[in-house]
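A.B. asks: what shape does this take:
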Amino acid sequence: MVKVSIISLVYQSPALADWVYDSAHKFTPMIARGEAEFFFVANDPTSAIIAHLTERDYPHVVNINKRYSDESLFALGYGTPEYMSRVYRGYNEGIRQAKGDYVVLVNSDNYFSPDWLENLLKYSDRSRVIVSRLVERSHPVFSVFPGAVHGEFGDSPATFDEAAFLSFAADIRKTGLEAGGAYMPALFHRDIAIEAGLYPCGNVAGEHFANIVRYGDEAFFDVLRSMGVQHFTALDSIAYHLKEGERDNCPHEQAPSAKSAEASEVGATPVVPFPTRQALPRVLDSMSPTKRHDELMMRISSGRDSHARARQAAALAAETAAGVRLVEQSERFRRAVERVVGVRFASRVMRVVHAVSWTILPLRLRLARRKVRGWHGTSATLGSRGPGCGARTGTTRRSLLTPCERARYDPA
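C.D. replies: Numbers count the residues shown, from 1 in each chain. Predicted coordinates for the structure are as follows:
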């Protein structure tokens, strides 16, 4: 069963497609075990790259983006450059097509190291988006990203020094998390990304098209942060970044042809106005179904009257608080295990504990929700003997409840 979907965009460079594909399969044993999938989003691709992906039998989906003028993009809330709108729409299509509950977005000019994915997963929970620690060269135009480590190991697949990079990665690798960091490779829960509205369809514009107030990936991470999902770097997940990309890595004669959606037998991907979270129902309609997708659809589509919606909101708030409580309990337990057996053996113990805890997760969530509701007064159900409740008659003192909580216990 696929647990993780690893997604890379490609549009014109066979060399980079081979490079990132070989790297992902070499250093990701979960792919060979069927626990992870790797596929390309051929984003506004040339005919040459489509032929290459097909010939090599690389898993891929084709995404043809609807073209917009600068004025049209600005009217929808987006700014320069225009091609970044197509890049973000490509990643959004990859998220929609993914089969795993986890999604990892990577660049085609990334190269990985041993345990890069496992070391993202071990820190992941529903309150975190985890990114790899980047090693970057000094680009003649772009400086080294503030959260990255400087390392000169080549500027193209042909000049890349794999042995030197892997040795360097082993030297700088250390266990732990660091707040903030780069934006790819990034691992997050697929349903949370969809609930956030996916990436905005471009960089966010200010007063005019050339005025960028927030880059698209920053805006997406801002929305996640508003939902309680924090951004961390895994210091033991190391990836190299060529900082070239396909725009610089391919000869100019291989520039992408303007293929129509009809010619590619796919629908043109439109721009969603900013902020994208308002477009959640449209995003859900175009998703590949998974169990979490079905649950999210039930949450969004249910509750046709105001009482039902209020009850739904209260239930979701309790569930979120319960999940946070479980995460906090897990963190406290992990620290206690490290104190007893040491950091070196703690990961082995936690793997065993997690394997057992998944079997009783529904019971743990039920107990956590009950305790959370007790703290916030939302457990003042009929027959409760808490403060403010009629212990003998089994009634609830409505004046102590919020409007949402009162709606929850009133008949629909």
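A.B. asks: near residue 114, how many residues? Count them for me, please.
C.D. replies: 16 (other C-beta atoms under 10 Å). Where C-beta positions appear, they are placed from N, C-alpha and C, glycine not excepted.
A.B. asks: and the pLDDT at it?
C.D. replies: What the model reports as pLDDT for residue 114 is 96.
A.B. asks: same check, this time on residue 41
C.D. replies: For residue 41, pLDDT reads 97.
A.B. asks: residue 237 versus that one, what's the distance?
C.D. replies: 22 Å (C-beta to C-beta, to the nearest Å).
A.B. asks: equivalent analysis for residue 113, please.
C.D. replies: 8 Å.
A.B. asks: now swap in residue 52 and tell me
C.D. replies: 29 Å.
A.B. asks: all strands of the stretch 1-150 of the chain, in order?
C.D. replies: Remark: strands assigned in the stretch 1-150 of the chain by DSSP state E, counting those that start in this stretch are 4-10, 36-43, 60-65, 102-106, 110-112, 128-136, 149-150.
A.B. asks: which one is residue 15 nearest to, not counting chain neighbours?
C.D. replies: residue 157 (5.0 Å; C-beta to C-beta, 6 or more residues apart in numbering).
A.B. asks: list the contacts of that neighbour.
C.D. replies: Listed by C-beta atoms under 8 Å, 6 or more residues apart in numbering, the contact partners of residue 157 are 15-16, 18-19, 242.
A.B. asks: need the pLDDT of it.
C.D. replies: 93.
A.B. asks: for it, phi and psi?
C.D. replies: Here is the backbone geometry of residue 157 (degrees, to the nearest 10): phi -60, psi -30.
A.B. asks: could you measure from it over to residue 14?
C.D. replies: 10 Å.
A.B. asks: and for residue 350?
C.D. replies: In terms of C-beta to C-beta, residue 350 sits 42 Å off from residue 14.
A.B. asks: surely residue 164 is within a helix?
C.D. replies: Yes: Residue 164: assigned to a helix according to DSSP: H, G, I helix; E, B strand; the rest coil.
A.B. asks: count the neighbours of it for me.
C.D. replies: 13.
A.B. asks: for it, list the residues it contacts.
C.D. replies: Contacts of residue 164 (C-beta under 8 Å, 6+ apart): residue 153.
A.B. asks: residue 350: what's it in contact with?
C.D. replies: 334, 337.
A.B. asks: buried sites along the longest strand that the chain contains?
C.D. replies: Counting by DSSP state E, the longest strand found in the chain is strand 230-241. Using 16 or more other C-beta atoms under 10 Å as the test for burial, strand 230-241 gives 231-241.
A.B. asks: cool, stretch 124-143 as well?
C.D. replies: For stretch 124-143, by 16+ other C-beta under 10 Å, it's 124, 126-137.
A.B. asks: could you work out the end-to-end span of that stretch for me?
C.D. replies: One end of stretch 124-143 to the other measures 29 Å (C-alpha to C-alpha, to the nearest Å).
A.B. asks: and stretch 175-191, by the same measure?
C.D. replies: 28 Å.
A.B. asks: could you find which two of the buried residues of stretch 124-143 are furthest from each other?
C.D. replies: Maximum pairwise distance among the buried residues of stretch 124-143 (C-beta to C-beta): 34.8 Å, between 126 and 137.
A.B. asks: relative to residue 113, how far out is residue 13?
C.D. replies: From residue 13 over to residue 113 (counting by C-beta to C-beta), the distance is 22 Å.
A.B. asks: over to residue 21?
C.D. replies: 16 Å.
A.B. asks: which of those two has more residues huddled nearby?
C.D. replies: Taking other C-beta under 10 Å, residue 21 and residue 113 do not tie; residue 113 has more neighbours (24 against 20).
A.B. asks: give me every residue that touches the more buried one.
C.D. replies: 27, 165-166, 169-170, 173, 237-240.
A.B. asks: thinking again about what came up before, what is the nearest of the buried residues of stretch 124-143 to residue 219?
C.D. replies: residue 129 (13.6 Å).
A.B. asks: okay, and the beta partners of the closest one?
C.D. replies: residue 231 (DSSP bridges).
A.B. asks: tell me who's in contact with it.
C.D. replies: 186-188, 221, 224, 229-232.
A.B. asks: farthest pair in the contacts of residue 157?
C.D. replies: 18 and 242 (13.6 Å).
A.B. asks: neighbour count winner among those two?
C.D. replies: For residue 18 and residue 242, the more surrounded residue by other C-beta under 10 Å is residue 242, and the numbers stand at 25 against 14.
A.B. asks: for the more buried one, which non-adjacent residue is closest in space?
C.D. replies: Nearest one to residue 242, counting by C-beta to C-beta, 6+ apart, is residue 109 at 3.9 Å.
A.B. asks: and residue 80, by the same measure?
C.D. replies: With C-beta to C-beta, 6+ apart, the residue lying closest to residue 80 is residue 210, at 5.2 Å.
A.B. asks: could you check how far that neighbour is from residue 218?
C.D. replies: 17 Å.
A.B. asks: my read is that residue 121 contacts residue 234, right?
C.D. replies: No: using C-beta atoms under 8 Å as the test, residue 121 is too far from residue 234 to be in contact (9.2 Å).
A.B. asks: do you know how far residue 336 is from residue 350?
C.D. replies: 11 Å.
A.B. asks: what does residue 84 give?
C.D. replies: For residue 84, the distance to residue 350 - C-beta to C-beta - is 39 Å.
A.B. asks: one more: residue 39?
C.D. replies: Taken as C-beta to C-beta, the span from residue 39 to residue 350 is 30 Å.
A.B. asks: confidence score at residue 373?
C.D. replies: In this prediction residue 373 is given a pLDDT of 57.
A.B. asks: got the domain boundaries for this protein?
C.D. replies: Taking automatic domain parsing as the criterion, the chain consists of the domains 4-292, 306-409.
A.B. asks: looking at the ones you listed, which has the lowest confidence?
C.D. replies: domain 306-409 (a mean of 59).
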